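**Q** Predicted model and sequence below, questions to follow.
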Amino acid sequence: NRRNVLTDDQNRLVDEAIERSRSAPNGSASVEDGNNQAVIERNPYAPDCVVLIVHDEPLGE
């Protein structure tokens, strides 16, 4: 369960990325807050399958 592994800030970003991915034409979305980034990539052949990437370090400038 990601809620047991990720921080509250990371989980908030993941929730937002999931919502954005649902309305994105290709089903992919990325959200960042300056310290964390959540990326959702949907499989176009199996839309229920996603890849979730969470970066937990300061983002480059």
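**A** Great, that's in hand.
**Q** Regarding this structure, what is its longest helix?
**A** Longest helix of the chain, by residue count under DSSP state H: helix 8-23.
**Q** Pull the number of nearby residues for the closest residue in space to Val14 that isn't next to it in sequence.
**A** Of all residues not flanking Val14 in the chain, Ala38 sits nearest, at 4.6 Å (C-beta to C-beta, 6 or more residues apart in numbering). Bear in mind the C-beta positions are built from the backbone N, C-alpha and C, glycine included. By the criterion of other C-beta atoms under 10 Å, Ala38 has 27 neighbours.
**Q** and if you look at Val14?
**A** By other C-beta under 10 Å, 20 other residues sit near Val14.
**Q** still on that earlier bit, need the next SSE after the host helix or strand of the residue nearest to Val14, C-terminal direction.
**A** Element membership of Ala38 [criterion: DSSP states H and E] is strand 37-43. Heading C-terminal from strand 37-43, the first helix or strand you meet, by DSSP H and E, is strand 46-55.
**Q** could you say what helices and strands that next one packs with?
**A** Applying 3 or more C-beta pairs under 8 Å, 6 or more residues apart in numbering; DSSP states H and E, we find strand 46-55 packed against helix 8-23, strand 37-43.
**Q** Give the other helices and strands that the helix or strand following the longest one contacts.
**A** Looking back up the chat, that one is helix 8-23. Helices and strands here follow DSSP H and E; after helix 8-23, the next one along the chain is strand 29-32. Packing partners of strand 29-32 (3+ C-beta pairs under 8 Å, 6+ apart): helix 8-23, strand 37-43.
**Q** got the angle for the first one vs strand 37-43?
**A** Same thing as helix 8-23. Interaxial angle of helix 8-23 relative to strand 37-43 (axes from the mean of the first three to the mean of the last three C-alpha atoms, to 10 degrees): 30 degrees.
**Q** Buried residues, helix 8-23. List them.
**A** 10-11, 13-14, 17, 20-21 (16 or more other C-beta atoms under 10 Å).
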